[in-house]
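>>> can't give you the sequence, but here's the structure:
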C-alpha cells in the first residue's frame, strides 16, 4: 500500500475512534467579537478657525465591567482607565491622553446592569489630515484590557466656503426654554430599536451672503449597495454656523449595516455608517425564515416544527425568540451571547466555505458552527496518492474531524458523519 493511502486509512480509523458529538445547546468562545464598549469620533469645524474639533464620545455598557463592594457602606464600585492615542498620516503620535473613571452603584442598582451604561465625552483640536485613533479600556478591578481602532479625517475648513461636520445620530433632539439644544447621541450606531431617529450636522457658511433654499440629497445605502432611502431637503444657510437636522424612520431599512450619504448636487459632502438590528438579535441575522432554517445545528426537530408551524410572521418571531430565551446562558441580561455567537459563526461559515451551497450547509461549515475555530488545521491539498483532505483538531473538547474533497471542486465532506437529532447530515 502506498504511503499516502496508508496515511489516509490510519486517519480514517482515528476519526471513527473519536466519534463526534454535539455539545448540548452550548458553544465555545462566546465572547468572540463582543462589543465591550463603543466609541464615536465626530469632527466639527469652529468658525474662523483653520483646525477641526474632534468630539469623542465613549459608551461602556455596565454589564461589561466588573464591580467590587466598597469597604464601607453597601455600594459597589468599578474603576476604569481609558487611554486615547491619535496618530496622523505620517504615523506621528499627536495626542496621547489617559483619564480615569469610576462608577458607583447601590446594591439594588447592581442587580440589573443590562440596560445601563456610562458615557464620557472629550474634545481635541486637530489640523487637517487623516488620522488613526486607538482606544484602550482597562478594567482596574480585573486588569482586563479591551481595545478599538478606527480612522477619521479632518477636512481643511479654509478651502471650502461651505463645510459640513460629521453626521451625529440622535435618538432625541429638542430645544429647551432658552433655545439650547438638548440631544441624546446614539453612540453605538444602532437605530434598530428606535421607530425614528435624527441625523444632525453643523454646516458652516463662510460666505458673506446667506444661501437660500440650498438643496441637499440624503441617501441610505445597504450592504448590497442598494439605495433604500433617497430624499431631497431644502436648507437655508445663514453666514456662520447652521444646524441641519432631519428625522428618518427605521421602517425603511432592512436589518444589517447601512451607510448614510449627503450630497450637494453630485458632490458628496459627508457620510457615516450605522446599523439597524432587532433588539438583542445579532446584526448578522437579516431574514427570519432563513434564521429559523439555520437553527438545525442547535434546535431539536420538535422545536423547529413548533417555530415553523406559527400562523403569522409575528408569531413565528415570538416562537423564535422564545427558543433563544430558553438557551440563553445569561437570561438576566439583555444580550443573548449564545445567539450572537451562533449567527456570527453562520456568517463566517458562509464567507469561508460556500461553493455551490451556502457555507453553513457544508460539512466544514457545520463543524465550525457547532465547535468554532479548530485548535489546529492540518491541510493536505496536493497529496499525490490521495484526495485532498484536512484534519481539524479541537484540543479543548478532545475531538478531531477529517474532511476529504472527493470531487476536486472544494466540497470537503466529513469521513465520519455527526449523528445527532439536531443535525441531519446530507449523505
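Received, thanks. This structure is a prediction, so every number in the text was calculated from the model and none was measured. Numbers count the residues shown, from 1 in each chain.
>>> low-confidence ranges in this protein?
Low-confidence segments of the chain (pLDDT under 70): 1-34, 114, 254-255, 278-286, 332-334, 419-427.
>>> In the longest helix along it, which residues are buried?
Taking DSSP state H as the criterion, the chain has its longest helix at helix 337-353. Neighbour-count burial for helix 337-353, counted by 16 or more other C-beta atoms under 10 Å, picks out 337-350, 353. For every residue, glycine as well, the C-beta is placed using N, CA and C.
>>> Could you tell me which other helices and strands it packs against?
In terms of contacts (3 or more C-beta pairs under 8 Å, 6 or more residues apart in numbering; DSSP states H and E), helix 337-353 is packed against helix 363-371.
>>> Okay, residue 340 and residue 105: tell me how far apart.
With distances taken as C-beta to C-beta, to the nearest Å, residue 340 is found 25 Å from residue 105.
>>> for residue 366, same thing?
Applying C-beta to C-beta, the value for residue 366 to residue 105 is 43 Å.
>>> Who has more neighbours out of the two?
residue 366 (23 against 17; other C-beta atoms under 10 Å).
>>> Go ahead and confirm the more buried one touches residue 418.
Yes. Judged on C-beta atoms under 8 Å, residue 366 makes contact with residue 418 at a distance of 7.0 Å.
>>> which ones are touching the closest residue in space to residue 148 that isn't next to it in sequence?
Nearest residue to residue 148 in three dimensions, chain neighbours excluded: residue 135, at 4.9 Å (C-beta to C-beta, 6 or more residues apart in numbering). By C-beta atoms under 8 Å, 6 or more residues apart in numbering, the residues touching residue 135 are 39, 58, 82-85, 147-150.
>>> before we move on, what about residue 65?
So residue 65 contacts 78, 80, 103, 139, 141 (C-beta under 8 Å, 6+ apart).
>>> if we go to 7 Å?
78, 80, 139 (C-beta atoms under 7 Å, 6 or more residues apart in numbering).
>>> now the helices: where do they sit in this protein?
Using DSSP H, helices in the chain cover 3-17, 107-110, 288-293, 301-308, 313-326, 337-353, 363-371.
>>> out of these, deepest packed?
helix 363-371 (a mean of 23; mean count of other C-beta atoms under 10 Å).
>>> Against which helices or strands is that helix packed?
helix 337-353, strand 399-405, strand 412-414 (3 or more C-beta pairs under 7 Å, 6 or more residues apart in numbering; DSSP states H and E).
>>> any chance of those in CSV, with distance to residue 233 too?
Listed next are the helices and strands packed on helix 363-371 as CSV, based on distance: least, C-beta to C-beta, whole Å:
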stretch, distance to residue 233
helix 337-353, 35
strand 399-405, 55
strand 412-414, 53
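>>> With residue 192 as the reference, name the closest of those.
With distances scored as C-beta to C-beta, the stretch of the helices and strands packed on helix 363-371 nearest to residue 192 is helix 337-353 (14.2 Å).
>>> Distance check, residue 189 against residue 105.
26 Å.
>>> typo on my end, residue 275
Taken as C-beta to C-beta, the span from residue 275 to residue 105 is 29 Å.
>>> Mind checking which of the contacts of residue 135 are buried?
Buried, going by 16+ other C-beta under 10 Å: 39, 58, 82, 84-85, out of the contacts of residue 135.
>>> before we move on, the earlier item: list just the nearest of the contacts of residue 135 to residue 177.
residue 58 (29.8 Å).
>>> Give me the spatial nearest neighbour of the closest one, chain neighbours excluded.
That would be residue 120: by C-beta to C-beta, 6+ apart, it lies 4.7 Å from residue 58.
>>> how far away is that neighbour from residue 102?
On the measure of C-beta to C-beta, residue 120 and residue 102 end up 11 Å apart.
>>> Between these two, which has more neighbouring residues?
Set residue 120 next to residue 102 and count neighbours by other C-beta under 10 Å: residue 120 wins out with 14 against 10.
>>> My guess is the more buried one contacts residue 59. True?
No. Using C-beta atoms under 7 Å, residue 120 makes no contact with residue 59, being 8.2 Å away.
>>> Name the residues contacting each of those two.
By C-beta under 7 Å, 6+ apart, no residue touches both residue 120 and residue 59.
>>> would you list every one of the strands in the stretch 201-350 of the chain?
211-221, 227-237, 240-249, 256-264, 267-276 (DSSP state E, counting those that start in this stretch).
>>> Point out the most buried one among these.
strand 256-264 (a mean of 17).
>>> Can you show me the strands along the stretch 51-200 of the chain?
Counting by DSSP E, counting those that start in this stretch, the strands of the stretch 51-200 of the chain are 52-61, 68-69, 75-87, 93-106, 117-126, 129-139, 144-154, 162-164, 168-175, 181-185, 196-205.
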